[in-house]
Each structure stands twice: as C-alpha cells, then as structure tokens.
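Asks: Here is a sequence with its predicted model. Questions after.
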Amino acid sequence: MSARLTLAGATVRLDGRVVLDHVSLAAWPGEVVGVVGPNGAGKTTLLRAAIGLQPLSAGSARLGEDSVRRLSPAALAARAAYLPQDRRVAWNLTAERAASLGAINDPPQRAAAVAREALTRVGLAHLAGRGVFDMSGGERARVLLARLFATRAPLLLADEPTAGLDPDSQLLVLELLRGEAAKGGAVVLTLHDLGLAARACDRLLVLRQGVLAAEGAPSEALSPQVLAEVFGLAGELIDTPAGPVLAACRLSGVPE
C-alpha cells in the first residue's frame, strides 16, 4: 500500500523569498495529518504545492506512485480534492448545485444524488434548495465541505476547514473528516486551533517560517518546548475524557 500523498524536499520560492524550505510529508490511507504553525508559516503553500497549484522550486510531489506534474487534470481530480481557505462563491447556486460540482465525473442525475447525500452528512439537507448567497457564512462553509465530500477522492486536503464555524460545527467537520480516513481515505488539513488539531489528527507537522520545526503524534509535536519556540506559548496538552486540551498562556515578547 502506497502513500496517498508524498512530498519530498518540497521547496517553494516566491519573489526571491523561500516560503517552504525542503519539507517532506507522507499521508497514508486511514490517516489524518494536521499542518499547524503561526501565520505565514507556509501551511497553505504546502497544501497547494501538494496538488500542483503552487509550482515547486525544488523537490517533488506525488499522488500514489505518480508525479503530480505528469497527471492530467482529470486524473488529478480523481485522486485528490482541495478545500481552499477562501470561501467566496461567484454565483448564487443552490446548495445542491454547488455541492454537485464536486461530482465532476458523474452524469447530472447521479451528481445531484451524491450532492444530496453529502449535504445530509454536513447537516444541510433542509437547505438543499437555498442559494448560497442567502446563507450564513457557516452554512456556506458546510456547503463547500459537502462539495469536497462529493468528489469521493481518496485524498482530501482542507485549508482551515473549521474557520468561522461555531464549536458544534467545528467538531462535526472534524468528525466527518476523521470518518473519511476511517473509510480508507487520507486527510491533510491545516488548523490554527492547536487544541482541535491535537484532538482530530493522528500526526502533526509544525511549520515555522517555511521550515519543518516538529513532526509526530500531537503530544510530541506540541511539546512544551515546541509551543514556546514556535508559538510563543507557555503551556502543554492535557488529556481529558473528551480528548486533549491545550492549557497555555502567552510568553512575554513574540516568537522570532
């Protein structure tokens, strides 16, 4: 069994500045991998580079055994799906129509059925006929998540999928992504909330100024030392019956 995604020495330079510096990552079936780090650490760049939306200056990106650069758009879409952080929608499509756009290889009737199923999973079946412009920001975010699920791709990349959602919806989204992994998919997501990242992910990559600062199980990747050096926090993860919780306060000064 091969990794769904393999980044090896991935490096990205923009305007002469290195924004991702020799970062390697493998995402395996059944695994949820979280990418965390301060603003500007390179998290979004990593996701975009993984599927060829951001060209690499050095290193390689592979989906399964194949280089991303050699995959056709159709082949790429069959292997990976991406939920960007930007949730702007250009047209006031109904929720069902917007979600059905994820099922790009299905005939219209089948795509609509897949979309309705995906909307049910995210708790929006009752809004299937409503235009996305007529929804709250949180509802629109869940419609776009339904579109992601409608792709049925074996690799899902989600950039800040819980941003702007209330606590109940945040937990729902993470449970659904974990469900995709449980069915054999691989999930790579970025999160700013370190507590949620520790709770939802099997493994974390910590980026700092484009460099991999730590990697491992959440308790290892978010050790007190990493929290202090990367995030400027004095704290630790505490295990609770509901999962790990981050107890931390800000150190004086700011991280470099």
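Replies: Alright, I've got the coordinates.

Asks: could you pull out the helices for this structure?
Replies: The residue ranges that make up the helices of the chain, judged by DSSP state H, are 43-50, 73-79, 95-100, 108-121, 137-150, 167-182, 194-200, 218-221, 224-231.

Asks: how about CSV for those helices, with distance to residue 63 added?
Replies: Using the backbone N, CA and C atoms, a C-beta is placed for each residue, glycine as well. What follows is those, written out as CSV (distance: least, C-beta to C-beta, whole Å):
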stretch, distance to residue 63
helix 43-50, 8
helix 73-79, 5
helix 95-100, 23
helix 108-121, 22
helix 137-150, 16
helix 167-182, 16
helix 194-200, 23
helix 218-221, 24
helix 224-231, 29
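
Asks: so which of those helices comes closest to residue 207?
Replies: Residue 207 lies closest to helix 43-50 among the helices of the chain, at 6.0 Å (C-beta to C-beta).

Asks: quick one: average confidence on the closest one?
Replies: Helix 43-50 shows a mean pLDDT of 97 in the predicted model.

Asks: other SSEs contacting that helix?
Replies: If you count contacts as 3 or more C-beta pairs under 8 Å, 6 or more residues apart in numbering; DSSP states H and E, helix 43-50 packs onto strand 5-14, strand 17-27, strand 32-36, strand 80-83, strand 155-159, strand 186-190.

Asks: how far does the shortest one sit from the chain's center?
Replies: Strand 80-83 has its average C-alpha position 8 Å from the chain's average C-alpha position, going by C-alpha atoms, centre = their mean, to the nearest Å.

Asks: Just the CA trace of that strand, in PDB.
Replies: The C-alpha atoms that make up strand 80-83 are tabulated as PDB, following Å, rounded to 0.1, in the frame of the first residue of the first chain:
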ATOM      1  CA  ALA A  80      -7.200  14.400  -4.700                       C
ATOM      2  CA  ALA A  81      -9.700  17.200  -3.700                       C
ATOM      3  CA  TYR A  82      -8.900  20.500  -2.200                       C
ATOM      4  CA  LEU A  83     -11.000  22.800   0.100                       C
END
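
Asks: what helices or strands is that strand leaning on?
Replies: For strand 80-83, the packing partners by 3+ C-beta pairs under 8 Å, 6+ apart are helix 43-50, helix 137-150, strand 155-159.

Asks: Give me the contacts around the last one.
Replies: Right, strand 155-159. Applying C-beta atoms under 8 Å, 6 or more residues apart in numbering, the set of residues contacting strand 155-159 from outside is 4-5, 27, 43-44, 47, 50-51, 63, 79-85, 145, 148, 177, 180, 185-190.

Asks: How about the contacts made by residue 150?
Replies: Taking C-beta under 8 Å, 6+ apart as the definition, contacts of residue 150 comprise 99, 100, 101, 102, 103, 111, 114, 115, 118.

Asks: what about 7 Å?
Replies: With C-beta atoms under 7 Å, 6 or more residues apart in numbering as the criterion, the residues that contact residue 150 are 99, 100, 102, 103, 114, 115, 118.

Asks: Tell me the one of these nearest residue 69?
Replies: Within the contacts of residue 150, distances to residue 69 taken as C-beta to C-beta reach their minimum at residue 102, with 23.7 Å.

Asks: Good, wrapping up.
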